[in-house]
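# Just the structure for this:
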Amino acid sequence: MVALSKKGYKAVLQVKTGHGLFPRKFIKNTLEDAPGVVWIVLETTHEGAPLLAIGYGYSTHTSLHVGVIKDVGSMAKGAHVE
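Sure, this is the predicted structure:
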């Protein structure tokens, strides 16, 4: 994500196994006892790249982890990103 950001790209990436600097364990532990359809958003800057780490718990046992280069677009309902 940092390399993409330094080249000027914006991206939303699913984090699976290659998550060395991604706070996957923290997110997983935070969402562990939460009901389904709960999310957490963490924000940081790493090597000058503005990043977001999103954890989305869509059930009580499973969560989705997403890394985002900040300012990729809007998540508002009806928002259009070109």
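# Low-confidence bits of this structure, can you list those?
By pLDDT under 70, the low-scoring segments of the chain are 18, 75-82.
# Which parts of it are strands?
For the chain, the strands defined by DSSP state E occupy 12-14, 38-46, 49-57, 63-69.
# same for the longest helix anywhere in the chain, what does it pack against?
Secondary structure of the chain read by DSSP state H shows that its longest helix is helix 24-31. Of the remaining helices and strands, those touching helix 24-31 by 3 or more Cβ pairs under 8 Å, 6 or more residues apart in numbering; DSSP states H and E are strand 38-46, strand 49-57, strand 63-69. For glycine as for every other residue, the C-beta is placed from the backbone atoms N, C-alpha and C.
# Paired strands for the second one, with orientation please.
Meaning strand 49-57. Strand 49-57 has its sheet partners listed here by DSSP bridges as strand 38-46 (antiparallel), strand 63-69 (antiparallel).
# Need the contact partners of the first one.
With contact meaning Cβ atoms under 8 Å, 6 or more residues apart in numbering, strand 38-46 is reached by 2, 21, 23, 26-27, 30-31, 50-57, 70.
# Show me which of those residues is closest to Lys10.
Of all the contacts of strand 38-46, Lys70 has the smallest distance to Lys10: 8.4 Å, by Cβ to Cβ.
# Please verify my assumption that the closest one contacts Pro50.
Yes. Lys70 sits in contact with Pro50 when judged by Cβ atoms under 8 Å, with a separation of 3.7 Å.
# Now that we have the contacts of strand 38-46, which of them are buried?
With neighbours counted using 16 or more other Cβ atoms under 10 Å, these contain these buried positions: Pro23, Ile27, Thr30, Leu31, Leu51, Leu52, Ala53, Ile54, Gly55, Tyr56, Gly57.
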